[in-house]
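1. I'll drop the sequence and a predicted model, then ask my questions.
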Amino acid sequence: EIKAGVPLVTLSSVEMAEAQGTLMLADAEWNRVQKLGKDVVSERRYVETQTARQLAYAKVIAYGMTREQVEQLWRSADPARADGSFALVAPRAGRIILDDFIEGKLAEPGKVLFEITDESVLWVQVRLSPAQASTVRVGTPLRVRAGDIWLTGRVIQTMHRLDEQTRTYTVRGEVRNSGDVLHSGQFVDV
């Protein structure tokens with residue numbers, strides 16, 4: 001179980017070092033141009049500098065830095081801090097259900113390092129015959145049985161497309177997972 005904002009792992013890459021360096025240069029130039037003002041600097045130069053800073057900012061955010069980490073980098077104004085490392089933090093509170101990496105291992109771009117889930121409310125996918133599905137609407141109450149325990153919920157979405165293989169409609173329900181009874185991927189009776 002983890003809380004939002006908790007550091008999970010420290011990552012480092014040459015690409016991030018370049019992105020951090022570009023960001024620091026763009027920020028310094030933007031601060032200089034802002035001080036000079038639009039009266040001294042051409043409109044085009046003003047907009048180009050502002051845009052370069054925003055693009056550099058967007059890049060480090062896309063690479064995984066948080067807004068707070070970027071602010072700390074800017075406040076430091078120390079080029080040595082652009083070393084390509086940063087702490088990957090938990091974006092939300094929940095439970096880590098996957099941590100598929102080894103310390104020191106190269107992680108390919110786009111690879112999922114952690115999966116964090118909040119199982120307090122879960123979706124339940126229900127397969128119904130066309131006749132059953134015709135009686136179900138959004139908001140319809142439902143009951144879910146996992147073992148000997150029953151939980152209540154409601155229908156939040158009905159699909160209007162028949163599954164070609166099973167010849168069933170899918171209905172999505174939402175269930176409060178009291179007591180952590182249900183888990184992702186589990187089969188239940190509804």
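-> Everything's here; your move. Keep in mind the model is a prediction, meaning the values are calculated, not measured. Numbering: from 1, shown residues only.
2. Need the distance between the two termini of stretch 131-139.
-> In stretch 131-139, first residue to last residue: 18 Å (CA to CA, to the nearest Å).
3. how about that stretch: buried residues?
-> Neighbour-count burial for stretch 131-139 flags Ala133, Val136 (criterion: 16 or more other CB atoms under 10 Å). C-betas here are computed from N, CA, C, even on glycine.
4. which strand of this protein spans the most residues?
-> When the chain is parsed with DSSP state E, its longest strand is strand 149-158.
5. Alpha carbons of the lengthiest helix in the chain, as CSV, please.
-> In the chain, taking DSSP state H as the definition, the longest helix is helix 14-36. Taking C-alpha atoms only, helix 14-36 is exported to CSV below (Å, rounded to 0.1, in the frame of the first residue of the first chain):
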residue,chain,number,x,y,z
VAL,A,14,21.1,10.5,-21.2
GLU,A,15,17.9,11.7,-22.9
MET,A,16,16.6,13.1,-19.6
ALA,A,17,19.9,14.9,-18.9
GLU,A,18,19.7,16.5,-22.4
ALA,A,19,16.0,17.4,-21.7
GLN,A,20,16.8,18.9,-18.3
GLY,A,21,19.8,20.9,-19.7
THR,A,22,17.6,22.2,-22.5
LEU,A,23,15.0,23.2,-20.0
MET,A,24,17.5,25.0,-17.8
LEU,A,25,18.9,26.9,-20.8
ALA,A,26,15.4,27.8,-22.1
ASP,A,27,14.3,28.9,-18.6
ALA,A,28,17.4,31.2,-18.2
GLU,A,29,16.8,32.7,-21.7
TRP,A,30,13.1,33.2,-20.9
ASN,A,31,13.9,35.0,-17.7
ARG,A,32,16.4,37.2,-19.5
VAL,A,33,13.9,38.1,-22.3
GLN,A,34,11.2,38.7,-19.7
LYS,A,35,13.4,41.2,-17.8
LEU,A,36,14.2,43.0,-21.0
